[in-house]
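Chemist: Generate a structure from the sequence data that follows.
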Amino acid sequence: MFIAKREADAVIRTDVAFALPRIVKRLHINVDAANQRVEVAYRGLFAKRYAQYEEGRGCTLASSDEVPHRAAPPSLPGKPNALWPVGESAQLSDDKHLLAALNDSALQGPGMRAIVVVQDGRIIGETYGEGFNASTPLQGWSMTKTVNAALAGMAIKDGKLSLVEKICFRCGPATRARTSRWPI
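Modeler: Reported below is the predicted structural model:
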């Protein structure tokens, strides 16, 4: 809600209820808009968690009142008039089949927020749901897995990653006790 400038009730009703449909009614959610902080606890007592918004960084989750301080994010050079992904501009296609698909409510589905079509590294089509636009930050949900799989595939193709090589993750003692190396 702080990042996308959305109303707290709308985020709880759609995003939280979608992700946690069975327990959302049992969650006590306190939104402190002035301090850009959210506190959530199961039945108001258990598993209390906090999220603190930091400008330019997003939200940090914590299980205690103290939210760890993070270094400022690096600034990126801006080229707003350049074509995406370098800048913010898009050269949209006038293909009637693409436009028909983008505007088909059956393909969009209920609660559609954004559909962006990328071809050869350029945005060629986009449409947005009510209250959303090209500048609205959105959660990736499960799409993130697909993007990460594509990036891993590209790294394998470029010889930067191997399917048979084992990699080591920095992890806590409980995880290290089970295994210190995980295959990809």
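Chemist: for the helix or strand in which residue 10 is found, which positions count as buried?
Modeler: Of the helices and strands defined by DSSP states H and E, residue 10 is found in helix 8-11. Buried residues in helix 8-11, counted by 16 or more other CB atoms under 10 Å: 8, 11. C-betas here are computed from N, CA, C, even on glycine.
Chemist: How much space separates the residue lying closest to residue 30 once chain neighbours are set aside from residue 51?
Modeler: Leaving out its chain neighbours, the residue that sits closest to residue 30 by CB to CB, 6 or more residues apart in numbering is residue 39, at 4.5 Å. Relative to residue 51, residue 39 is positioned 8 Å away (CB to CB, to the nearest Å).
Chemist: Residue 155 now?
Modeler: Taken as CB to CB, the span from residue 155 to residue 51 is 31 Å.
Chemist: Only the C-alpha atoms, please, for the longest strand seen in the chain, written as PDB.
Modeler: Criterion DSSP state E: the longest strand present in the chain is strand 46-54. C-alpha atoms of strand 46-54 as PDB (Å, rounded to 0.1, in the frame of the first residue of the first chain):
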ATOM      1  CA  PHE A  46       0.300 -14.600  18.300                       C
ATOM      2  CA  ALA A  47       3.100 -14.600  15.600                       C
ATOM      3  CA  LYS A  48       3.300 -10.800  15.700                       C
ATOM      4  CA  ARG A  49       5.100  -9.400  12.700                       C
ATOM      5  CA  TYR A  50       6.000  -5.900  11.500                       C
ATOM      6  CA  ALA A  51       6.600  -4.400   8.100                       C
ATOM      7  CA  GLN A  52       8.300  -1.000   7.800                       C
ATOM      8  CA  TYR A  53       8.400   0.900   4.600                       C
ATOM      9  CA  GLU A  54      11.600   2.600   3.500                       C
END
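Chemist: Strand partners (parallel or antiparallel) of it?
Modeler: Paired strands of strand 46-54, with direction, are strand 37-42 (antiparallel), strand 58-62 (antiparallel) (DSSP bridges).
Chemist: So which of those is the most surrounded?
Modeler: Scoring the strands paired with strand 46-54 by mean neighbour count under mean count of other CB atoms under 10 Å gives strand 37-42 as the most buried, with a mean of 17.
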